[in-house]
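Colleague: What follows is a predicted structure for the sequence shown.
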Amino acid sequence: MEMQKRTPRGQRVVLVPTPCQEHINPMLQLGTFLHSKGFSITIIHTHFNSPSPSNHPEFTFIPIQDCLTVPLVSSGNIIAILLALNANCKASFEQCLTTQVMKQEPEKITCIYDEFMYFSEAAANYLNIPSIILRTTSAANFHGRSTVVELHSKGHIPFPGMCHTWVPSISFIIARKYTQKMLKLSGRVYIYIFYFPCHRVYVIGAGAPTSSPQIQGSAHLSSNKISFLNKNLFCDLFHLFHDRNGGGGGGEYMLHHDFESPWDTLENFLKLVVKSHDVGRSSAIICKTIDCLDQSSLARIQKHCQVPIFCIGPLLKITTAASSSLLEEDTSCIEWLDKQSHKSVIYVSLGSIASIGEKELAEMAWGLANSKQPFLWVIRPGSITGSDWIELLPQEFREAIGERGFIVKWAPQREVLAHGAVGAFWTHCGWNSTLESISEGVPMICKPCFSDQKVHARYVSKVWRLGLELEDEFERGEIERAVRKLMVNSDGEEIRARAKDMKEKIQVSMSKGGSNYKRKSELVEFIMAF
Ligand code: UDX
């Protein structure tokens, strides 16, 4: 007798995206996937950066009051905005659920909220609606952020009067310039500290001595550079790293000491991270990553997590969701790409937030021009400090490149990366861009700007080895060499081959019978069981 397949008809999923491009995309892609499985979808969103309903006629969109003030929105301080949303939106969200979703829909409801919209969990819990968290960053980055939470719970951070942020990394990151110190704790157990002047970063690791190159140097940190880390903190850090690494191996984190960040921003950052790590009564976590990439970090997270984690892969691969772009995509670049040779074009984009100055712009421009490769360059309006768009591009550069370069304000990135003419991606390593590139087998030139981008750049270049990281400040010679190595020269062949292999691995994992395919089916079953 044939088994009757259960379907989720009559079940509604309420999605609550964080109102930023990089969070809206994965949430709407998840909605498209769940809709394809039979769930009805409602998007409850803020007025601030609201998604466009016309791109998704199959969803119900409901805006809620966010009470953001004009000065706050124009400050562009995204962390302060997210904290304000969490303070302001709980009541309006609760009211929206009660009056507009629950009353009119006799269906079973599940709430899936972005980790930074944690007010949703409290409201859903109050109304007895099951909830699930969507995390849109890499497992590697999330694993590092967990350290922040742990240190915060022990009272080690914030350090009064100091400016710190924490980002994760790996023990074998190798920077060109570093100094290093080893502190012997006991027996053969050491704590390593590496200082990377170019990134203003301390790397701290713990474990037994190894022969890896990064600890062979003999230079020492001057004591004033580490004076804020007292011995007790070291011991706690050691236990933390030691436990996390299963009692052996090198340490795993880097302490990013940023002297330029204002203290209140960092305090706000800590508040946001700490609160967003509280799963409350949520029943599960959905991670937007893929096991063949992020396996070791995923395993560590699951070890410390009480609820199931559904790693469902790059969501763009599970759906052909309509564009959820907040900016208008210039599709003329696809016609331009159609005229270029196979894998000849370098696509350049620094994402939706990062900006650069005039000097960096000129170095980028001349690096690209001198590489002699055709390029498609996204320059977001306002992303060049001191100008509206491309006014500061040198005139000689424009004349030198002629038809070889194409500049747009915003591109249909997923389509661009899937285009046969694109042979490499110069990226800031935002997680969406990184995954989109890896999924299409496009090798990367990484120039991270801040936070998790630095982590992803290191993983791309040193762990997954799917690209190169530009180590110095923007410098035209280094840019030219990197482009030619990645796209033309024989010494870039291995990277190009690995990128192609990883695309195939991802395709296997995402197709029927693959591990990510199974996790998606399990997620659907999990929601249906509520
Ligand atoms: C931000 C943070 O800067 C980053 O650290 C974090 O990992 C994610 O959020 P963002 O600049 O938005 O990153 O980059 P990313 O995560 O790569 O997301 C950008 C999205 O915009 C991608 O989905 C990309 O396809 C899309 N995009 C980008 C376009 O559609 N067109 C473009 O021209 C550029």
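Modeller: That came through, no problem. Numbers count the residues shown, from 1 in each chain.
Colleague: Output the below-cut-off pLDDT ranges for this structure.
Modeller: Within the chain, the stretches with pLDDT under 70 are 1-9, 104-106, 144, 147-148, 151, 154-266, 316-326.
Colleague: Can you name the residues of it sitting close to the ligand?
Modeller: Within the chain, the positions near the ligand by C-beta under 6 Å from any ligand atom are 21-22, 25, 137, 325, 349, 351-354, 378, 410-411, 413-414, 430-433, 436, 451-453. C-betas here are computed from N, CA, C, even on glycine.
Colleague: In strands, which of those residues fall?
Modeller: Using DSSP state E, 349, 378 are the members of those that sit in strands.
Colleague: From one end of stretch 376-385 to the other, what's the distance?
Modeller: End-to-end distance of stretch 376-385 (C-alpha to C-alpha, to the nearest Å): 21 Å.
Colleague: got the contact list for the residue nearest to the spatial centre of the chain?
Modeller: The residue lying closest to the centre of the chain (C-alpha atoms, centre = their mean) is residue 431, at 2.9 Å. Residue 431 sits next to 22, 136-138, 141, 288, 452, 456 when contact means C-beta atoms under 8 Å, 6 or more residues apart in numbering.
Colleague: Residue 304 too?
Modeller: Contacts of residue 304 (C-beta under 8 Å, 6+ apart): residue 146.
Colleague: Stretch 502-520: which residues count as buried?
Modeller: 502-503, 506, 509-510, 514-517, 519-520 (16 or more other C-beta atoms under 10 Å).
Colleague: could these go into TSV alongside secondary structure?
Modeller: Converted to TSV, the buried residues of stretch 502-520 look like this (DSSP: H, G, I helix; E, B strand; the rest coil):
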residue	secondary structure
502	helix
503	helix
506	helix
509	helix
510	helix
514	coil
515	helix
516	helix
517	helix
519	helix
520	helix
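Colleague: Just put these in CSV and tack on distance to residue 304.
Modeller: Shown next, in CSV, are the buried residues of stretch 502-520 (distance: C-beta to C-beta, whole Å):
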residue, distance to residue 304
502, 27
503, 31
506, 26
509, 24
510, 27
514, 26
515, 21
516, 22
517, 26
519, 19
520, 24
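Colleague: Let's have the contacts of residue 431 in a markdown table, adding distance to residue 419.
Modeller: As requested, those are exported to a markdown table (distance: C-beta to C-beta, whole Å):
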| residue | distance to residue 419 |
| --- | --- |
| 22 | 22 |
| 136 | 25 |
| 137 | 26 |
| 138 | 25 |
| 141 | 28 |
| 288 | 23 |
| 452 | 27 |
| 456 | 23 |
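Colleague: can I get these in JSON lines with neighbour count and distance to residue 492?
Modeller: Listed next are those as JSON lines, based on neighbours: other C-beta atoms under 10 Å; distance: C-beta to C-beta, whole Å:
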{"residue": "22", "neighbour count": "16", "distance to residue 492": "28"}
{"residue": "136", "neighbour count": "26", "distance to residue 492": "30"}
{"residue": "137", "neighbour count": "23", "distance to residue 492": "28"}
{"residue": "138", "neighbour count": "26", "distance to residue 492": "24"}
{"residue": "141", "neighbour count": "24", "distance to residue 492": "27"}
{"residue": "288", "neighbour count": "26", "distance to residue 492": "29"}
{"residue": "452", "neighbour count": "21", "distance to residue 492": "26"}
{"residue": "456", "neighbour count": "26", "distance to residue 492": "20"}
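Colleague: List the ones among these that fall in helices.
Modeller: Counting by DSSP state H, those place 22, 141, 452, 456 in helices.
Colleague: give me every residue that touches the last one.
Modeller: When contacts are counted by C-beta under 8 Å, 6+ apart, residue 456 is found next to 138, 140-141, 429-431, 434, 446, 448.
Colleague: on that earlier part again, can you tell me which of the ones in helices among the contacts of residue 431 is nearest the ligand?
Modeller: Nearest to the ligand out of the ones in helices among the contacts of residue 431 is residue 22 (C-beta to the nearest ligand atom; 3.4 Å).
Colleague: Surely residue 34 and residue 13 touch.
Modeller: Yes - Residue 34 is within contact range of residue 13, at 5.3 Å (criterion: C-beta atoms under 8 Å).
Colleague: Quick check: neighbours shared by the two?
Modeller: 41, 527.
Colleague: quick check, nearest of the contacts of residue 456 to residue 58?
Modeller: Among the contacts of residue 456, residue 431 lies closest to residue 58 (C-beta to C-beta), at 26.1 Å.
Colleague: Run a quick neighbour tally on residue 493.
Modeller: Counted with other C-beta atoms under 10 Å, residues neighbouring residue 493 total 10.
Colleague: Quick check: whichever residue of the stretch 101-250 of the chain sits closest to the ligand vs residue 309, distance?
Modeller: The stretch 101-250 of the chain approaches the ligand most closely through residue 137 (5.8 Å), counting by C-beta to the nearest ligand atom. Distance of residue 137 to residue 309, given as C-beta to C-beta, to the nearest Å: 13 Å.
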